[in-house]
Every structure is written in structure tokens, then in C-alpha cells.
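[1] A predicted structure for the sequence below; I have some questions about it.
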Amino acid sequence: MQSQDVAPRPAPVSPTDPVVDVEQAEAALVEHYPRLVRLAYLVLPPGIGRNRRVVTAHALTQRALPRGRTPAPVIPAQSTGRDGDPGYAFVRLQVLRTALEAGLPLKRKAWPKRSQLPPLLPQVWGLRLFPRSGGADELALDQQLSALTGPARAAYVLRGLEKLPDGDVRDVLTAAGVDDVDAALREADGVAARYELLDSPEFDPCSLQARPTDLMRRRQHMKAALAATAAVAVCGALLVLPGDGWGPDGAAAPSYAQNPAARAALDPGRLTKVAPTAWKSSTRTDFSVWPARGDLTDDQGLLRRALAVWARPGEKVQVSMTPGTPSGGPAGPAQLLYAGNIDNARVVILYDGWRIARYAEPKDGTNGAALDFARTDGASGAEASAVVLGRSDGNVRYLMAPWVRKAAERDLMKPGAGAMNLTPADGTTAPMASPALRKGPCTSWNVLQLTDASGTRLLTDLGELVPARLTTGRPGSTHEASRARALRAWAPFACSLSAVRSQGVRSVNAWEYAQQPLPDASGSAAWVCTRAETWRGGGTRVLAQFHTPRGKYGAVAAKAENVPACGPRDPHVLAGVLWKSEAGSWYLLAAGSRDTAAITATGGIDGSAQGNLLTVRTKRGAQAGLKGTLDNGRSISVLR
């Protein structure tokens with residue numbers, strides 16, 4: 001095993017290695033920045049703390065560019081969009097090498113390396129940054145990784161995050177200067193291979209939460225003359241302001257100066273309460289016509305605390321929000337959707353026209369209060385049919401729209417099974433199993449089935465306040481996923497929804513864009529593209545998945561973020577996989593959408609076909625690229 005007192009030594013490069021210039025390395029770094037930062041974050045020692053770990057991961061990645069034209073060892077990347085890219089191989093190696101150096105202890109008689117010191121840039125003053133919290137599985141994996149040495153952590157991450165076989169892991173670690181690669185691999189073998197957890201938001205240093213630093217210590221450190229003068233001026237202004245007239249604010253932070261509009265927005269007496277029958281005569285089907293429900297809608301103290309915490313959550317309030325959702329109080333009086341007792345908590349749900357805010361506090365006090373935000377601008381119909389009331393013991397409960405006639409629970413992985421009635425009362429459902437809270441392997445995926453005058457639809461809990469709508473069909477002409485054929489189409493791909501948990505997802509569409517006969521009389525495989533749209537517009541996630549007749553689950557063949565492919569703007573997709581038949585033969589299988597005129601394999605495999613399907617016999621481990629041509633002559637590349 002590599003000594004922790006010896007810095008990794010760069011492996012020598014060969015004159016025949018490809019040369020990487022600054023522009024090529026920068027292009028690779030920018031394109032794959034989130035993955036490189038995640039790699040650095042996972043390899044860095046957890047003992048330095050999550051805030052410094054986040055900042056250091058960004059700093060090491062941003063310093064990975066070469067100073068000029070630099071030889072780079074040929075190390076395969078094993079992932080679509082990075083195969084054969086020496087620029088990506090170079091910056092990944094630099095990130096890995098410096099992350100390993102950062103974990104080495106400082107020596108008394110030697111100058112520290114730059115990577116061992118706190119980074120000068122980037123810096124965020126007054127805030128602690130850390131990734132979103134995952135579940136128990138992610139916590140257990142983080143603890144196991146923290147017990148490994150740096151080289152062993154790097155080996156595990158290269159296997160799981162980069163999908164490298166052990167031979168390539170050896171090459172990368174050797175190039176990074178690890179002395180005893182075999183010891184690192186053996187140590188990494190001691191951690192269960194739960195590689196899918198490495199894609200969790202728990203380990204994503206690009207999707208962050210922010211909290212203040214130690215406010216008392218910060219106040220002590222800012223006793224400079226200019227700051228003192230400003231403080232005196234502020235305090236003088238506060239002395240003449242009237243105090244709060246609404247009583248204690250529970251878990252909210254102290255109240256300071258507020259303009260009249262802001263104070264009015266926090267007056268529980270000005271909350272909008274829609275009449276129970278208003279939705280029946282309205283042409284709108286959004287949250288604005290939801291009536292106020294629950295047994296605590298007249299509890300002024302509870303409503304005051306909910307509004308105060310919304311405007312200024314205290315340090316002990318647990319705050320969460322979907323990506324792209326601004327925090328801060330409402331601009332004017334909000335609308336009350338619910339106030340009542342749920343399990344062991346008092347819950348208030350408010351709406352300000354484009355956000356849902358959920359406040360929850362224990363029944364025995366305000367310690368442990370929580371505030372959740374979700375963006376809902378433009379929500380109507382199916383997207384405004386349900387809001388999460390609470391989650392506990394692996395279950396979730398919903399508040400439904402007043403126009404919902406029937407609510408039921410069904411397992412998306414068992415399309416032939418029936419739906420179980422949730423017996424709604426006062427607009428709330430009975431508890432149902434939540435896939436967002438599931439621990440262990442994915443053996444079921446329970447969804448909410450709602451029926452109203454316009455039909456039946458499916459919604460799924462992805463760990464946020466508003467469940468995501470499930471649809472099927474070609475982009476631009478999708479329909480609800482509640483039909484029998486749609487249920488059968490979704491079943492093999494239900495577990496892939498875990499890849500978009502806590503991402504602010506508005507809807508997910510599954511589109512079967514091709515059926516491909518398999519070689520050696522193995523039946524027919526389905527190619528399905530799933531596209532997750534978000535409330536903020538950006539951040540879309542697209543997966544091209546491959547499903548064989550004997551497989552229970554679909555296999556992800558390609559994935560991409562923030563691309564128009566598989567969507568209404570660009571209803572085209574191309575992906576391929578290496579597949580082994582029951583006869584033991586290996587094939588490159590590829591498929592494009594139905595308007596694909598031709599597909600050509602490039603790189604390590606030669607082959608082409610007219611139409612939207614390609615089958616080429618090959619060997620295990622072969623690497624190839626794909627190019628397609630549409631009927632209109634436009635070229636398309638593989639999804640990435």
C-alpha cells in the first residue's frame with residue numbers, strides 16, 4: 001500500500017502519447033466539469049469537513065488545465081462522450097493526482113504542496129456549502145469510504161463513477177503516482193460495490209445547500225472601525241421601529257425592519273382562503289382555486305409562526321428547496337392550502353402564486369421545525385393535483401386537488417396488478433409507500449393514481465413537495481401513463497426514476513423509439529428514451545435505455561443533461577450497447593428514432609446499416625462511436 005507520507009509521483013509519459021493543448025483540455029473540463037468535481041470530492045479525505053471538501057474539489061478541478069501543450073497517457077474513459085478524448089483523460093488524471101496529494105499529512109521539514117493548503121479560490125464568505133443530504137445508504141457508503149486510504153478511495157471511485165475495468169484503474173492510479181496499486185485495489189474490494197450511489201446528490205458538490213458560518217464568532221471578528229460605525233447607525237434606526245404586534249414567532253429568526261408590504265404579507269389575518277366550491281365555477285385548474293383545508297385553519301398562532309419562518313427561518317430550522325426555487329418570504333399575502341395535524345406534526349401549506357411552502361413543527365413545540373419549498377409556476381391540471389403533506393416510516397401522504405374523485409396506489413413495476421384505494425378524507429390520502437424513502441434494492445415503485453373528470457393519471461414521489469407526472473409517447477404528442485399499454489412500457493424502467501430524485505422534476509416521459517430484433521433468435525429488444533423535465537426549464541435529464549425480453553430492468557445505454565434530444569424541440573435520439581447473446585457472441589446494437597435513415601459505427605468497430613437499426617458482430621470490450629443520418633439529411637450523434 002502506498003505510504004501516506006510520500007506524495008504521488010507522476011508516471012512518465014511516452015513520446016508517442018497524444019499531445020493535449022490548453023484549448024482541448026479546457027473544452028473537456030467545461031463539458032465534464034460536474035463529473036470531475038464529483039470525482040475530486042469523493043477522493044478527497046472526508047476528515048477535512050464538507051465545506052472545505054466542496055471548495056477544494058472545485059479548486060483542484062479548476063487548476064487541472066495544462067500550462068501549454070502536454071503529452072497525456074492514453075487512458076480510456078469508458079463512457080459515452082469521453083471515449084478516446086485525451087483532453088478528458090489528462091484533466092481527470094490531474095484532478096485525481098492533486099486530490100490524492102491533498103489527503104497527505106503535512107511535514108515539518110518540507111514545504112506543503114499547493115493542493116494541501118486551503119484553496120485561495122473559489123471562496124465564499126459567510127456561508128458554509130455542502131451537498132444535499134442523501135439517505136441511509138449514502139451515509140453508510142460515505143463512512144466506508146472515509147475509512148479507506150486515498151488510493152483505495154480513488155480505485156473505488158474510478159470503478160464506480162468512471163466505469164473503468166480494473167486494468168484501466170491500474171493504469172490511471174499508476175499514472176497518478178500511486179506506488180502500490182494492488183494494495184489499493186484489494187482495499188477497495190472491502191467496500192460493497194454499490195456504485196449507483198456515487199451518482200447520488202449526497203456526493204454532488206455542484207448542487208449545494210448553504211448555511212451561515214458561526215455567526216457569533218463572525219460577529220466578534222468584525223469589530224473594525226467601519227463596521228462598528230455601520231452597526232451603530234443600524235442599531236439607532238432599529239430603536240425607533242415599532243415591535244412585532246403578532247406575538248412570538250417560534251423558530252423564526254429575529255425580526256428587523258420591514259416595509260409595510262412585507263409586514264402585510266406576514267399577517268396571518270390577511271391570508272387568502274378560497275371558498276370550498278370556488279373551483280367548480282372556475283375555468284382554472286391550478287393551486288389558486290384550492291380551498292383551505294385542515295383542522296387548524298383558524299389557529300392564528302400556528303399560521304403566524306409558519307409565515308414568520310417562511311420569511312426568516314432561524315438557524316435550527318431545516319430548510320430544503322427544489323433546484324431553481326428562490327427562498328424568502330412572499331411578496332404579498334399568501335394563500336392558505338392546508339393547516340392541520342399530520343401524524344406527530346402540525347403542518348401548514350401555503351402558496352404565493354409560483355411557489356408552494358410547507359411548514360411543519362412538532363406537536364409539542366417548535367424545536368425541529370422544517371420548511372420546504374417547491375417551484376410550481378405554470379402548474380395546471382395534473383401538475384396541480386397533489387402536494388405532499390408529510391413523510392414518515394417509509395410512507396408519504398398527499399393533499400389532493402378538490403376536483404380529484406378517486407386516489408389509489410399502484411406498483412409501476414407490476415402493470416398487471418390492480419390499484420389499492422387510498423380512501424381520501426378531507427382531501428388527504430391514506431399513507432402509501434414512497435419510493436423516495438425506500439432503502440435497499442429496487443423491487444417495487446409505488447405511484448399515486450388519480451382520477452378526475454378528465455381522466456386518470458399517474459404521479460410519482462421523487463422526494464419533493466409536488467410529485468412528478470408520468471407520461472408516455474413521442475415528444476410533442478404524449479399522453480398519460482395510466483393506460484394498460486403505457487403501464488407495460490413503463491414497468492422495466494421504473495427504477496431509473498431514482499436517477500432524478502430531488503432534482504426539481506416536473507414530469508418524466510417514456511418514449512419507445514425503436515424495436516430491434518436480436519441476433520441468434522433471442523427475441524426483440526425495446527429502446528426507450530426517458531426525459532425528465534424540470535420546473536426551472538434547465539437541468540433536463542435524458543436516458544436512452546435498452547430492454548431485452550428476458551431482462552426485468554432496462555439498462556441505461558446513454559445519458560445526457562440539458563440537451564434537446566428526445567424532447568419536443570428535437571424528437572430524435574441515437575444510442576448503442578455491446579450485447580452478449582445466449583450463444584456467447586458479442587454484438588454492437590444501435591437504434592435511432594424512426595426517421596433515422598442510416599447508422600454508421602466508427603472507431604474500433606466498422607459497420608453501417610440503412611434505416612434506424614444497426615447490428616454488428618464484435619468482441620467483448622470493443623469501443624466504437626456512432627453517427628446517424630436523418631431522413632432530411634441532418635447528422636445526429638449518439639446521446640451524450
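    Yep, it's here. Quantities reported herein were computed from a predicted structural model and do not represent experimental measurements. Numbering: from 1, shown residues only.
[2] What's the per-residue pLDDT of residue 207 here?
    Predicted confidence (pLDDT) at residue 207: the value is 78.
[3] Could you do residue 181 as well?
    For residue 181, the model assigns a pLDDT of 92.
[4] what sits against it?
    For residue 181, the contact set (CB atoms under 8 Å, 6 or more residues apart in numbering) comprises 151, 155, 169, 170, 173, 174. All C-beta spots, glycine's among them, are computed from the backbone N, C-alpha and C.
[5] Which ones among those map onto strands?
    Residues of the contacts of residue 181 located in strands (DSSP state E): none.
[6] Just the buried ones among those, please.
    Taking 16 or more other CB atoms under 10 Å as the criterion, what is buried in those is 151, 155, 169, 170, 173.
[7] Not counting residues beside it along the chain, what's closest to the third one?
    Here the nearest residue to residue 169 in space, its sequence neighbours aside, is residue 158; by CB to CB, 6 or more residues apart in numbering that works out to 4.7 Å.
[8] The last one now?
    With sequence-adjacent residues excluded and distances taken as CB to CB, 6+ apart, residue 173 is closest to residue 181, at 4.7 Å.
[9] What of the first one?
    What sits nearest to residue 151 in space, not counting adjacent residues and going by CB to CB, 6+ apart, is residue 184, at 3.7 Å.
[10] Surely that neighbour and residue 177 touch.
    No. The criterion here is CB atoms under 8 Å, and residue 184 misses it with residue 177 at 11.8 Å.
[11] of these two, who's got more company?
    residue 184 (26 against 19; other CB atoms under 10 Å).
[12] Check which helix or strand that one maps to.
    Per DSSP states H and E, residue 184 falls inside helix 181-189.
[13] how distant is that helix from the center of its chain?
    Averaged C-alpha coordinates place helix 181-189 at 30 Å from its chain's average position (CA atoms, centre = their mean, to the nearest Å).
[14] Contacts only, for the nearest residue to residue 605 once chain neighbours are set aside.
    Leaving aside its chain neighbours, residue 605 sits nearest to residue 624 (3.7 Å; criterion: CB to CB, 6+ apart). Going by CB under 8 Å, 6+ apart, residue 624 touches 576, 588, 601, 602, 603, 604, 605, 618.
[15] Any of those residues buried? List them.
    Judged by 16+ other CB under 10 Å, buried ones among these: 576, 588, 601, 605, 618.
[16] What is the least confident helix or strand in the protein?
    Lowest mean confidence among the helices and strands of the chain (mean pLDDT, DSSP states H and E): helix 225-239, at a mean of 44.
[17] Using CSV, list the CA coordinates for the longest strand belonging to the chain.
    For the chain, the strand with the greatest residue count under DSSP E is strand 505-517. The C-alpha coordinates for strand 505-517 follow below in CSV (Å, rounded to 0.1, in the frame of the first residue of the first chain):
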residue,chain,number,x,y,z
VAL,A,505,-38.6,17.3,-11.8
ARG,A,506,-41.9,18.4,-13.2
SER,A,507,-42.7,15.4,-15.5
VAL,A,508,-41.0,12.3,-16.9
ASN,A,509,-41.9,10.9,-20.3
ALA,A,510,-41.0,7.4,-21.5
TRP,A,511,-40.9,7.0,-25.3
GLU,A,512,-40.3,3.7,-27.0
TYR,A,513,-38.5,4.9,-30.1
ALA,A,514,-37.4,1.6,-31.6
GLN,A,515,-37.9,-2.2,-31.5
GLN,A,516,-34.9,-4.2,-32.6
PRO,A,517,-34.7,-8.0,-33.5
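[18] so what strands line up beside that strand?
    strand 468-472 (parallel), strand 524-534 (antiparallel) (DSSP bridges).
[19] Could the C-alpha coordinates of whichever helix or strand comes after the longest one be exported in PDB?
    Pointing back at strand 524-534 there. Remark: after strand 524-534, the chain's next helix or strand is strand 541-547, criterion DSSP H and E. C-alpha atoms of strand 541-547 as PDB (Å, rounded to 0.1, in the frame of the first residue of the first chain):
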ATOM      1  CA  ARG A 541     -32.000  14.600 -17.800                       C
ATOM      2  CA  VAL A 542     -32.300  12.200 -20.700                       C
ATOM      3  CA  LEU A 543     -31.700   8.400 -20.500                       C
ATOM      4  CA  ALA A 544     -31.600   6.100 -23.500                       C
ATOM      5  CA  GLN A 545     -32.400   2.600 -22.200                       C
ATOM      6  CA  PHE A 546     -32.300  -0.900 -23.600                       C
ATOM      7  CA  HIS A 547     -34.600  -3.800 -22.500                       C
END
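[20] C-terminal to strand 541-547, which secondary structure element comes first?
    On the C-terminal side of strand 541-547, the nearest following helix or strand under DSSP H and E is strand 555-561.
[21] okay, now the domains of this structure?
    Structurally, the chain divides into domains by automatic domain parsing as follows: 19-211, 260-379, 403-492, 503-640.
[22] and those, which one is worst for confidence?
    Note on those: domain 19-211 shows the lowest mean pLDDT, a mean of 80.
[23] Distance of residue 536 relative to residue 354?
    As judged by CB to CB, to the nearest Å, residue 536 and residue 354 stand 11 Å apart.
[24] same question, residue 556
    33 Å.
[25] Ok, residue 308 next?
    Distance from residue 308 to residue 354, counting by CB to CB: 21 Å.
[26] With neighbour numbers in mind, choose between the two.
    Regarding residue 308 and residue 354, a neighbour count based on other CB under 10 Å identifies residue 308 as having more, with 25 against 16.
[27] how far away is the more buried one from residue 614?
    Residue 308 sits 61 Å away from residue 614, going by CB to CB.
[28] Please identify which helix or strand holds residue 25.
    Going by DSSP H and E, residue 25 is in helix 22-31.
[29] Using CSV, write out the CA atom coordinates for that helix.
    Output of helix 22-31 as CSV, limited to C-alpha atoms (Å, rounded to 0.1, in the frame of the first residue of the first chain):
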residue,chain,number,x,y,z
VAL,A,22,-4.9,24.1,-23.3
GLU,A,23,-7.9,24.6,-25.6
GLN,A,24,-8.6,20.8,-25.8
ALA,A,25,-8.2,20.4,-22.1
GLU,A,26,-10.4,23.4,-21.3
ALA,A,27,-13.2,22.0,-23.6
ALA,A,28,-13.1,18.7,-21.8
LEU,A,29,-13.1,20.3,-18.4
VAL,A,30,-16.0,22.6,-19.1
GLU,A,31,-18.1,19.8,-20.7
